[in-house]
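Student: got a sequence here, can you build the structure:
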Amino acid sequence: MKLYINNNRLAILVVLSLFFSLSSCTKGKNKSLPNIIIIYADDMGYGDLGSFGAKGFDTPVLDKMAAEGMRFTDFYSVQAVCSASRAGLLTGCYPNRIGISGALMPWSRKGLDDDEMTIAELLKQKDYATGIVGKWHLGWQKQFLPLQHGFDFYLGLPYSNDMWPVDYDGTPVTKESPKPWKSKYPPLPLYENNEITDTIENLDEQALLTTRYTQAAVDFIQKNQDKAFFLYFAHSMPHVPLGVSDKFRGKSEQGMYGDVIMEIDWSLGCLLKTLKETGNDKNTLVIFTSDNGPWLNFGNHAGSAGGLREGKGTSFEGGQKEPCIMWWPGIIPGGETCNEICATIDILPTIASITGTRLSDNIIDGVDISSLLRGDKNARPRNKLYYYYQKNALEAVRKGKWKLVLPHKHRTYEGLLPGNDGSAGPTHIVATDTALFNLRRDPGERYDVKMLYPEVLEELLLIAEEARTDLGDDLTGRKGINNRPPGIIPETE
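Tutor: Numbering: from 1, shown residues only. Modelled structure (predicted):
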């Protein structure tokens, strides 16, 4: 009997051991894969982080992240405005390739098409938990919302925090629709998953957005700490109207704008603290960047382009060149600076490479930059870039240190008095001719050297022709051969 009991106990122990082993494998079946966090600021300028030369406010968490990770000095958004830049980030494509340009207004019937693979859908191949907190801006109608594009969870605003809402019965507004609110800025719908669960009624409530988003992001990490997760944290700030909680109001020498950036830095600190508490700090790639440059005519409520030319809404460097920091302990060497050309469209194929996931069969414009993340000094994954703005206008091309600006009309902030305390100053439209800039010597794009380097001019003109054939160009009336349509809601619906 005693022997029987021992054997029985042994059998039970073996079964329990096998059960817990299988349970552990199931629970952590993809835990060898890295977590991915992308933090996307809104309208932050190239000069708005301490490690990129910011003055008058502190960003200690981001500065530490740069010291422990990699700072990218030649990193670009592929269009200098909200919706298009987000489309590029999430799909790895020039936004005009997939029919998205500019900023989608609430009366727009466009959105991200179902046939486009987002980073979230890419990572679903490996059973990642996927969440987005913050601003979406790729179509507000239900069929365009994040849960229809691979995300498990969404909390945030469907568009920019200065836009007026649609009627909640689903009827789109138009430019002529009545605006019954009394304040300068309207109430905003706050979505949780596919439903509006709250409204942001005034600027006092907007001041709490960063805190609310941060708590939701922390909750998402905690809930999914035992499996691989992807978190896309798209801040509504520092897009105007600025909002900052009492924790940081009045804390910076740069006024409210500096306060807002300090709160964004605090928010990142909360996420990194949560990663450490959950044991995920050594297995998470964190990327911080911005959607486009600063909205300069808002004066003291705008950021700094860090000496670059122009800002948001232009294809000059101040509009599309962004601060970027990437952090991944044990993989990305600490304290490194990468000066190679990189762009938001490169993030998707890079994530595909490091997670072993399969890219869409569609044409993808991004390139894998994982060699740069690992510190390969000889890697040159990208040497050219196209600059589009508004619809499908090819305004510039880049190869190596050379940038060719093509003839076009553009918004300018120069020579005009900016606004103050939340009011916009004027801009005007000017025309520019063909110009060649050496961005290594002249990052501010002030000295046209096309007469000195005719062979470079010819080489970049050929690259422009490649772009026009592939993607088209409104400025020369060209139709691209590889464009894809956006999602569209028919007028009859």
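Student: how much space separates the nearest residue to residue 404 once chain neighbours are set aside from residue 474?
Tutor: Nearest residue to residue 404, sequence neighbours excluded (Cβ to Cβ, 6 or more residues apart in numbering): residue 460, at 3.8 Å. C-beta here means a position set from N, CA and C on the backbone, and glycine is covered the same way. When Cβ to Cβ, to the nearest Å is applied, the distance between residue 460 and residue 474 equals 19 Å.
Student: likewise for residue 415?
Tutor: Residue 415 sits 27 Å away from residue 474, taking Cβ to Cβ as the criterion.
Student: with neighbour numbers in mind, choose between these two.
Tutor: It is residue 474, of residue 415 and residue 474, that has more neighbours when counted by other Cβ atoms under 10 Å, with 16 against 7.
Student: for the more buried one, what are its contacts?
Tutor: Contacts of residue 474 were listed using Cβ atoms under 8 Å, 6 or more residues apart in numbering, and they are 391-393.
Student: try it again with 10 Å
Tutor: Going by Cβ atoms under 10 Å, 6 or more residues apart in numbering, residue 474 touches 96, 101, 388, 390-394, 408.
Student: quick check: PyMOL command selecting the buried ones in these.
Tutor: Applied in PyMOL, the following selects the buried portion of those according to 16 or more other Cβ atoms under 10 Å:
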select buried, resi 96+101+388+390+392+393+394+408
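Student: so which residues of the stretch 151-300 of the chain form helices?
Tutor: Residue ranges of the helices in the stretch 151-300 of the chain, as given by DSSP state H, counting those that start in this stretch, are 203-206, 209-223, 255-277.
Student: how far does the shortest one sit from its chain's centre?
Tutor: Read that as helix 203-206. In terms of Cα atoms, centre = their mean, to the nearest Å, the centre of helix 203-206 is set 23 Å apart from its chain centre.
Student: okay, buried residues for that helix please.
Tutor: So, applying 16+ other Cβ under 10 Å, buried residues of helix 203-206: 205-206.
Student: for the longest one, same thing?
Tutor: Taking 16+ other Cβ under 10 Å as the basis for neighbour counts, the residues of helix 255-277 that come out buried are 255-272, 274-275.
Student: same thing with stretch 226-237?
Tutor: By neighbour count, with 16+ other Cβ under 10 Å as the criterion, the buried positions of stretch 226-237 are 227-237.
Student: return the subset of those residues lying in strands.
Tutor: The strands in this structure, assigned by DSSP state E, contain 229-234 from the buried residues of stretch 226-237.
Student: just the buried residues of stretch 322-329, please?
Tutor: Of all the residues in stretch 322-329, those buried under the rule 16+ other Cβ under 10 Å are 322-328.
Student: from the ones in strands among the buried residues of stretch 226-237, which single one is nearest residue 310?
Tutor: The shortest distance between residue 310 and any of those, using Cβ to Cβ, involves residue 234 and amounts to 23.6 Å.
Student: okay, and the beta partners of that closest one?
Tutor: Listed by DSSP bridges, the beta-bridge partners for residue 234 are residue 40, residue 134.
Student: can you give me the strands in the stretch 351-493 of the chain?
Tutor: With DSSP state E, counting those that start in this stretch as the definition, the stretch 351-493 of the chain shows strands at residue ranges 384-389, 393-399, 402-405, 408-412, 428-432, 435-438, 472-473, 478-479, 487-488.
Student: pipe these into TSV and attach mean pLDDT per row.
Tutor: TSV is the format used below for the strands of the stretch 351-493 of the chain (pLDDT from 0 to 100):
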stretch	mean pLDDT
strand 384-389	94
strand 393-399	98
strand 402-405	98
strand 408-412	96
strand 428-432	97
strand 435-438	98
strand 472-473	97
strand 478-479	96
strand 487-488	96
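Student: re earlier: can you put the helices of the stretch 151-300 of the chain in a markdown table and add mean pLDDT?
Tutor: As requested, these are exported to a markdown table (pLDDT from 0 to 100):
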| stretch | mean pLDDT |
| --- | --- |
| helix 203-206 | 94 |
| helix 209-223 | 98 |
| helix 255-277 | 98 |
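Student: got those as JSON lines, with distance to residue 308 columns?
Tutor: What follows is the helices of the stretch 151-300 of the chain, written out as JSON lines (distance: least, Cβ to Cβ, whole Å):
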{"stretch": "helix 203-206", "distance to residue 308": "28"}
{"stretch": "helix 209-223", "distance to residue 308": "26"}
{"stretch": "helix 255-277", "distance to residue 308": "17"}
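Student: residue 383 contacts residue 397, correct?
Tutor: No. Applying Cβ atoms under 10 Å as the test, residue 383 and residue 397 come out as separate, 11.4 Å apart.
Student: and the two? Which one has more around it.
Tutor: Between residue 383 and residue 397, residue 397 has the larger neighbour count (other Cβ under 10 Å), namely 24 against 12.
Student: in contact with the more buried one, which residues?
Tutor: Taking Cβ under 10 Å, 6+ apart, we find residue 397 in contact with 384-387, 403-406, 459-468.
Student: correct me if wrong: residue 486 contacts residue 93.
Tutor: No. Residue 486 is not in contact with residue 93 according to Cβ under 10 Å; the separation is 11.5 Å.
Student: common neighbours of those two, please.
Tutor: With contacts taken as Cβ under 10 Å, 6+ apart, the residues that reach both residue 486 and residue 93 are 87, 100, 116.
Student: buried residues in whichever helix or strand the first one is part of, which are they?
Tutor: I take that to be residue 87. Counting by DSSP states H and E, the secondary-structure element that holds residue 87 is helix 82-91. Neighbour counts using 16+ other Cβ under 10 Å place 82-91 of helix 82-91 among the buried residues.
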